[in-house]
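Student: Based on what follows, work out the 3D shape:
(one chain, ligands or ions: 1)
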Amino acid sequence: MRRQALIVGGGIAGLCAAISLRLTGWDVQVFEQAPEITEIGAGLQISPNGVKILEHIGVMESLKSVLFEPEAIEIRMGVSGRPILYLPMKGPAAERWGARYIQVHRADLITALSARLDALQHGAVQTGCPVLSYAPCKDGAEVILSNGQRVQADLVIGADGIHSNLRYQMLGPDAPRFTGNYAWRALVPAAQLGDLAPPPSGCIWAGPKKHAVTTYVRGGTVVNFVGIIEQSTWREESWSRTGDRQEALADFEGWAPPVSKILQRAEVLHKWALFDRAPLPKWQDGHVVLLGDAAHPMLPSMAQGAVQSLEDAYHLARTLGAAEGPAIAAACSQHYAERIARTSRVQRASAQNLHLFHKSGRLAQLMAYAPIWLAGQLAPALVRKRNDWLYGAPVPPLNS
Ligand SMILES: Cc1cc2nc3c(=O)[nH]c(=O)nc-3n(C[C@H](O)[C@H](O)[C@H](O)COP(=O)(O)OP(=O)(O)OC[C@H]3O[C@@H](n4cnc5c(N)ncnc54)[C@H](O)[C@@H]3O)c2cc1C
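Tutor: Next up is the predicted model:
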């Protein structure tokens, strides 16, 4: 008999876990609270450590026509547009880290993951199905659905995002931490921006107490914008909350023309407060384990939240291997022991990057950015080397 896994949440972590487990011999069932698996518009950067996983689980092929491969990762001064760092990626990323650095629309990634899962196990996702809690049971665990139904399995995975019900039950009621930042998000067809379209890179525009990131999705036809502003009061978190254009323009007043042009042209500007959480003392309770944002939500300034969710899901499936019965709980604690240092480091690095991009005052900017500029000019290989631990992590095949 196949082992059974129940996965709470049909986001990137949950779908990748379902695919990876299915590929290693499990029957899977995903419970998603939303009435359908959809994602509102936003772009994601997927670094080579994530792309390697998407290759192994058979998802890259269907992303081929919709992804964008940036020429470089760059940092510029937000107001003047002056370059601080230009690190070529197209070519060098695959050479150094074993896979490309890509940008993709979140909806396209979710669609590709869902299609792959459906091909492996038709009907594995049950939508409109919120999970309230879990309970231990003999040699496994069960979930309790909002209609009162209880479903048992060998393994329960909480991939239910930053406000995870399963995390709440496992670790108590502390809320995620407001980081003192909100984000503007927008998508604009590149053709509407003409000469003021941002460079074909992952471009960080740095400025005092704020920064912006421009990327491309949908094969390079659409520009994705994220603008992050430090402030201490506004704390609303909703993918569908829209903001006021004048407010967004005021936030980036006087910034380089590509930034203001995007804000002028965006049909919808989403506004979203940013939360994270300190590393958790555990992700596991018997046969129940947390993945992705449920386990380690982070600031987006390393572009790693989704990538670390892919890593979690894949690593868990590999660690479980052929485990059965009590060995499943042991594999889940091994998974935590092997992953926690890395995800905590990424969480810390994300917070540090935010401070780096938000330097205020000429002296502070000079002291922070001049060494980066110099390193980029004199020793780009050294700059790349600094990312080896993250992008270059080996990703062995699932069944090896
Ligand atoms: C502005 C911004 C930019 C970002 N850019 C990047 C980037 O470039 N690269 C990158 O790697 N990451 C990026 N991220 C981070 C990334 O979006 C998240 O880390 C990632 O989406 C987490 O995936 P997840 O599956 O863990 O959680 P989620 O995407 O939150 O999915 C959780 C799912 O669980 C469902 N759910 C919740 N509760 C229940 C329940 N009780 N029962 C059933 N279902 C439930 C939800 O409906 C949802 O579908 C960014 C984040 C932000 C805010």
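Student: right, is the helix or strand hosting A329 up against the ligand?
Tutor: Per DSSP states H and E: A329 is located in helix 326-357. No. On the criterion C-beta under 6 Å from any ligand atom, helix 326-357 is out of touch with the ligand, staying 9.5 Å away. From N, CA and C alone the C-beta is placed, and that goes for glycine too.
Student: Which stretches in the stretch 201-350 of the chain count as strands?
Tutor: With DSSP state E, counting those that start in this stretch as the criterion, the stretch 201-350 of the chain has strands at 202-207, 210-217, 222-230, 270-276, 284-285, 288-290.
Student: Show me what from this structure comes close to the ligand.
Tutor: 8-14, 31-34, 44-45, 130-131, 159-161, 165, 183, 185, 226, 272, 292-294, 300, 303-307, 309.
Student: which residue does the stretch 1-150 of the chain bring closest to the ligand?
Tutor: Using C-beta to the nearest ligand atom, the single residue of the stretch 1-150 of the chain nearest to the ligand is G11, 2.3 Å away.
Student: Buried subset of the residues of the chain next to the ligand as a ChimeraX selection?
Tutor: The ChimeraX selection below is limited to those of the residues of the chain next to the ligand classed as buried (16 or more other C-beta atoms under 10 Å):
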select :8,9,10,11,12,13,14,31,32,33,44,45,131,159,160,161,165,183,185,226,272,292,293,294,300,303,304,305,306,307,309
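Student: Can you pick out the ones from the residues of the chain next to the ligand that are in helices?
Tutor: Members of those lying in helices (criterion: DSSP state H): 12-14, 165, 305-307, 309.
Student: Serialize the residues you listed to TSV and add fields for distance to W26.
Tutor: Below are these laid out as TSV (distance: C-beta to C-beta, whole Å):
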residue	distance to W26
I12	19
A13	16
G14	14
N165	22
G305	25
A306	22
V307	23
S309	18
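Student: returning to that earlier point: may I ask you to confirm that the residue of the stretch 1-150 of the chain closest to the ligand is in contact with G305?
Tutor: No. G11 lies out of contact with G305 (C-beta atoms under 8 Å); the separation is 10.3 Å.
Student: Give me the common contacts of these two.
Tutor: Both G11 and G305 are in contact with 292-293, where contact means C-beta atoms under 8 Å, 6 or more residues apart in numbering.
Student: Farthest pair within the ones in helices among the residues of the chain next to the ligand?
Tutor: Distance extremes for those: the farthest pair is N165 and V307 at 24.1 Å, using C-beta to C-beta.
Student: Tell me where the stretch 151-300 of the chain is predicted with low confidence.
Tutor: Residue ranges of the stretch 151-300 of the chain with pLDDT under 70: 234-241.
Student: and the residue of it nearest the ligand?
Tutor: Taking C-beta to the nearest ligand atom, the stretch 151-300 of the chain has G292 as its residue nearest the ligand, at 2.4 Å.
Student: Which residue is the nearest non-sequential neighbour of that residue?
Tutor: A13 (2.8 Å; C-beta to C-beta, 6 or more residues apart in numbering).
Student: how close does that neighbour sit to E230?
Tutor: Going from A13 to E230 by C-beta to C-beta, to the nearest Å gives 28 Å.
Student: Equivalent analysis for F252, please.
Tutor: 13 Å.
Student: Which one's more surrounded, those two?
Tutor: Neighbour comparison, F252 and E230: the larger count goes to F252, with 22 against 17 (by other C-beta atoms under 10 Å).
Student: Could you double-check that that one lies in contact with F225?
Tutor: No. Using C-beta under 8 Å as the test, F252 is too far from F225 to be in contact (9.9 Å).
Student: who touches both of those two?
Tutor: Counting by C-beta under 8 Å, 6+ apart, the shared contacts of F252 and F225 are 212, 259, 263.
Student: you'd agree the last one is up against L249?
Tutor: Okay, so that is L263. Yes. With contact defined as C-beta under 8 Å, L263 reaches L249; the gap is 5.3 Å.
Student: For the two, work out which one has more neighbours and name it.
Tutor: Shown here are L263 and L249; by other C-beta under 10 Å, L263 has more neighbours (23 against 15).
Student: Quick one: residues contacting that one.
Tutor: Contacts of L263 (C-beta under 8 Å, 6+ apart): 184, 186, 225, 227, 245, 248-249, 252, 269.
Student: Just the buried ones from those residues?
Tutor: Buried by 16+ other C-beta under 10 Å: 184, 186, 225, 227, 245, 248, 252, 269, out of the contacts of L263.
Student: Spit out the contact partners of the fourth one.
Tutor: When the contact criterion is C-beta under 8 Å, 6+ apart, the partners of G227 are 183-185, 210-213, 248, 251-252, 259, 263.
Student: swap in the second one?
Tutor: Contacts for A186 (C-beta under 8 Å, 6+ apart) come out as 224-225, 262-263, 266, 268-270.
Student: Let's have these in a markdown table, adding distance to E74.
Tutor: Output for the contacts of A186, formatted as a markdown table (distance: C-beta to C-beta, whole Å):
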| residue | distance to E74 |
| --- | --- |
| N224 | 15 |
| F225 | 15 |
| I262 | 16 |
| L263 | 20 |
| A266 | 22 |
| V268 | 26 |
| L269 | 24 |
| H270 | 24 |
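Student: ok now stretch 209-220, how far from the chain's centre?
Tutor: Remark: stretch 209-220 is offset 14 Å from the chain centroid, using C-alpha atoms, centre = their mean, to the nearest Å.
Student: actually stretch 256-270, not the one I typed
Tutor: Using C-alpha atoms, centre = their mean, the offset of stretch 256-270 from its chain centre is 23 Å.
Student: Now do the buried residues in that stretch.
Tutor: 256, 258-263, 265-266, 269-270.
Student: which residue packs closest to the residue minimising distance to the centre of the chain, ignoring adjacent ones?
Tutor: The residue lying closest to the centre of the chain (C-alpha atoms, centre = their mean) is A306, at 2.0 Å. With sequence-adjacent residues excluded and distances taken as C-beta to C-beta, 6+ apart, A306 is closest to I12, at 4.8 Å.
Student: pretty sure that neighbour contacts E311?
Tutor: No. Using C-beta under 8 Å, I12 makes no contact with E311, being 10.9 Å away.
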